[in-house]
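Participant: would you be able to build a 3D model of this:
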Amino acid sequence: MLREQLEQLARIKEPEARSKLIRTLVGEYARSEEHEPTEMERELFSHIVLSVFDQLDRAARYELVVRLAKTDRIIPDLADRLAQEDYELSEPVIECSPMISQNGLMQIAKSGGNEKRKSAARRSDLSEEMTDTMIARASRDVVHELLHNMEAPFSVRGTLALLIFANTEADVLAGIARRAMEDEEFLQTQMDILESNCPLIPPPLKKALETGELQRLAKTIEERHDGSIDLDGVTYSRHEASIQIANGELSFDAILRTLFEEGRLDAAIWLISRKINLADEVVSDTLKSDADGAIMRLMLQTGIHEKTYRDFLKARCEWLDRSTRSIPELVMRYKSELKKPRQNPGQPPSQALLKAAT
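Facilitator: Numbers count the residues shown, from 1 in each chain. Below is the predicted model:
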């Protein structure tokens, strides 16, 4: 019976008649609990709907979402297409569909609107790459949805980005504290970063991790509703700051450029030293020196792009109060050296924490 109706639908050419038949068919297709559609029926139904999708009226599209968004009775291609609709139609698909593809979700993470990203952030099947992308590109309310979602995984790079935000934003700081209280793996990542002497950890979070007072920290922030909060002598905003991750991604280059933009050379040195397996003091002393060749060789080991190297040189000149006149020449030299094959400077440490630098 179902197959006959699908074949009838395939023969109809008038858009209005197709929309009407699809609404009728979707209802029957979704209600047939005693009959689980075969793989062939799923494919046939979904491909026919996709072939006429642009001709369907809103009522027919709404019927598709209401009846089938949370089921496995459609194929990923149709779920992905429904996710492209406006938010009122696409919300159940984005948040609940078991059939939406990972590529479809990644497109939402990269370029979906804020509401669509918030729905995606509530899913239980997110990858670290998706979480990273939303942290780098989305507004903070999406970040808070991720922190509240105990199924959302956080990479070390994503955690470093959160710490960058938490240095000025009280609500992100509270969100990190709350998540660390409820998620043992997330807490362990914070402890690993703390033990590495990372300068990105805000002093109140450092103190709370060391003393086991995460709940007190989160509660202190959440109970204050004024425009700013003073914690351990540092003022934190209750509003989203203007900090954005460079290029909207969480690559080593992007995090490094963000640190340059924020004037956090201390944190940049920490990140560089872990990328190339050198002591912080060695990296710091080299970057403070006048040895342009040694600085270039050190930065070549990180593999950063020439544009990142240029941003580094600008930040270094500001840091050391030096002229920027030689930057174009130094960038050209770096670009030339970057094209040459280089030997591996050594095996990096194996700790999971240092994945942040890859």
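Participant: and Ile229, what pLDDT?
Facilitator: Listed pLDDT for Ile229 reads 76.
Participant: Thr189: how many residues sit nearby?
Facilitator: Thr189: 21 surrounding residues under other C-beta atoms under 10 Å. Any C-beta I mention is one placed from the backbone N, CA and C, and that applies to glycine too.
Participant: name the element the closest residue to it other than its chain neighbours belongs to?
Facilitator: Residue nearest to Thr189 in three dimensions, not counting chain neighbours: Thr159, with 5.4 Å by C-beta to C-beta, 6 or more residues apart in numbering. Taking DSSP states H and E as the criterion, Thr159 maps to helix 156-166.
Participant: and Val66, by the same measure?
Facilitator: Counting by DSSP H and E, Val66 is found in helix 58-68.
Participant: can you report phi and psi for Ile229?
Facilitator: phi -130, psi 130 (degrees, to the nearest 10).
Participant: same check on Asp230?
Facilitator: In terms of degrees, to the nearest 10, the main-chain angles of Asp230 are phi -100, psi 120.
Participant: before we move on, which element is Glu41 in?
Facilitator: Short version, using DSSP H and E: Glu41 is in helix 39-51.
Participant: same deal with Leu217?
Facilitator: helix 214-222.
Participant: residue contacts, Glu261?
Facilitator: Listed by C-beta atoms under 8 Å, 6 or more residues apart in numbering, the contact set of Glu261 reads Ala246, Asp311.
Participant: can you do 10 Å?
Facilitator: Going by C-beta atoms under 10 Å, 6 or more residues apart in numbering, Glu261 touches Ile243, Gln244, Ile245, Ala246, Asp311, Lys314, Ala315.
Participant: quick one: mean pLDDT for stretch 179-199?
Facilitator: Stretch 179-199 carries an average pLDDT of 95.
Participant: how long is it from one end to the other?
Facilitator: End-to-end distance for stretch 179-199: 20 Å, by C-alpha to C-alpha, to the nearest Å.
Participant: low-confidence ranges in the stretch 101-250 of the chain?
Facilitator: Within the stretch 101-250 of the chain, the stretches with pLDDT under 70 are 225-227, 237-243.
Participant: ok, which stretches of it are helices?
Facilitator: Under the criterion DSSP state H, counting those that start in this stretch, the stretch 101-250 of the chain contains helices at 102-111, 114-121, 128-137, 140-148, 156-166, 170-182, 184-195, 203-211, 214-222.
Participant: for the fifth one, packing partners?
Facilitator: Helices and strands in packing contact with helix 156-166 are listed as helix 128-137, helix 140-148, helix 170-182, helix 184-195, helix 203-211, helix 252-261, helix 265-276; criterion 3 or more C-beta pairs under 10 Å, 6 or more residues apart in numbering; DSSP states H and E.
Participant: for those helices, give me JSON lines that also has distance to Leu21.
Facilitator: As requested, those are exported to JSON lines (distance: least, C-beta to C-beta, whole Å):
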{"stretch": "helix 128-137", "distance to Leu21": "37"}
{"stretch": "helix 140-148", "distance to Leu21": "39"}
{"stretch": "helix 170-182", "distance to Leu21": "48"}
{"stretch": "helix 184-195", "distance to Leu21": "50"}
{"stretch": "helix 203-211", "distance to Leu21": "59"}
{"stretch": "helix 252-261", "distance to Leu21": "50"}
{"stretch": "helix 265-276", "distance to Leu21": "59"}
